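*Asks:* how does the following fold in three dimensions:
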Amino acid sequence: MMTWPLRRFLVTAVVLLVALLIPSGTACAHTQLLSSSPQAGQHLITSPSMVSVTFDQILLPTGGAMVVTDSQHHFVNVGRVKLDGATISVAVKPNLPGGTYQAAYRVISADGHPIESAFTFTVGKVADTTAPTPATVSSGPTSPPTASLLPFLWLALAVILASVALLLVRRRSSQTRRTHDAPS
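*Replies:* Numbering: from 1, shown residues only. Coordinates of the predicted model:
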C-alpha cells in the first residue's frame, strides 16, 4: 500500500506531465500569412488596381482593416475593404505615380487573435526608395510554442520517472528491512 505523500507525489507528477506534453489546440493553430499581392518588396512597372493579403485560415468577418499609403503617408486606397474568407483586399487609385507604397492590415483570425502587419512595394521608376515605417508590425508566433520546448519536456518526463522509480525502490527497501527486522 502506498503512503499518502507518495500517492500525492505520483498524482502531481502525472498531472504535470500531461499538462506539459499535451499542447492546447489553439496554441498550435495560429493563422499564418500565405501571400500578398503585390508581394512584399516587389517592384511593379505599372500600378496595381488592388492590394490583397491571403492567410491559411478563414478570417472573422469583423474587425478587418487595410490601408495603402504613399511615401508621404497619404492614403491611396479607395472604396471599402473586402473580406472574403481568408483574403482581405482593397482597391487603390488608378495610375499610381512612381514611388514606394505601404500596405498595412489588421484582421481577426478564426481563433480570435488579431493579426496586424505591413509591407511595402514600389511602382514605376523610383527616385526615392525610402519606405515608410510601419507603426506596428506584429503577427504573433510563427511556430507552436511547444515545438521549441519538446526537448525540455522529455527531460522533465525523464526526471519525473526517475524520481518515481527512486521512491518506489526506497519504499520497497524500507519494507524489506522492516520485514526482516520484525521480531518472530
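*Asks:* where does this structure dip in pLDDT?
*Replies:* Counting by pLDDT under 70, the chain has low-confidence residues at 1-2, 6-7, 10-11, 13-29, 126-154, 176-184.
*Asks:* break down it into its strands, ranges please.
*Replies:* For the chain, applying DSSP state E gives strands covering 33-37, 43-44, 50-55, 65-69, 77-84, 87-92, 99-108, 114-123.
*Asks:* in a markdown table: these, plus distance to residue 173 and mean neighbour count.
*Replies:* No exception for glycine: its C-beta is placed from N, CA and C like everyone else's. What follows is these, written out as a markdown table (distance: least, Cβ to Cβ, whole Å; neighbours: other Cβ atoms under 10 Å):
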| stretch | distance to residue 173 | mean neighbour count |
| --- | --- | --- |
| strand 33-37 | 59 | 15 |
| strand 43-44 | 75 | 14 |
| strand 50-55 | 59 | 20 |
| strand 65-69 | 68 | 18 |
| strand 77-84 | 67 | 14 |
| strand 87-92 | 66 | 20 |
| strand 99-108 | 59 | 21 |
| strand 114-123 | 57 | 20 |
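*Asks:* can you lay out the ones you listed as a markdown table showing distance to residue 164?
*Replies:* Written out in a markdown table, the entries for the strands of the chain read as follows (distance: least, Cβ to Cβ, whole Å):
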| stretch | distance to residue 164 |
| --- | --- |
| strand 33-37 | 45 |
| strand 43-44 | 62 |
| strand 50-55 | 45 |
| strand 65-69 | 53 |
| strand 77-84 | 52 |
| strand 87-92 | 52 |
| strand 99-108 | 45 |
| strand 114-123 | 43 |
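*Asks:* out of those, which is closest to residue 170?
*Replies:* Taking Cβ to Cβ, strand 114-123 is the member of the strands of the chain nearest to residue 170, at 52.4 Å.
*Asks:* by how many degrees do the closest one and strand 33-37 diverge?
*Replies:* Using axes from the mean of the first three to the mean of the last three Cα atoms, to 10 degrees, one finds that strand 114-123 and strand 33-37 are set 30 degrees apart in direction.
*Asks:* please renumber the chain so that the first residue is 42 from this point on.
*Replies:* Okay, using 42 as the starting number, the last item reads as strand 155-164.
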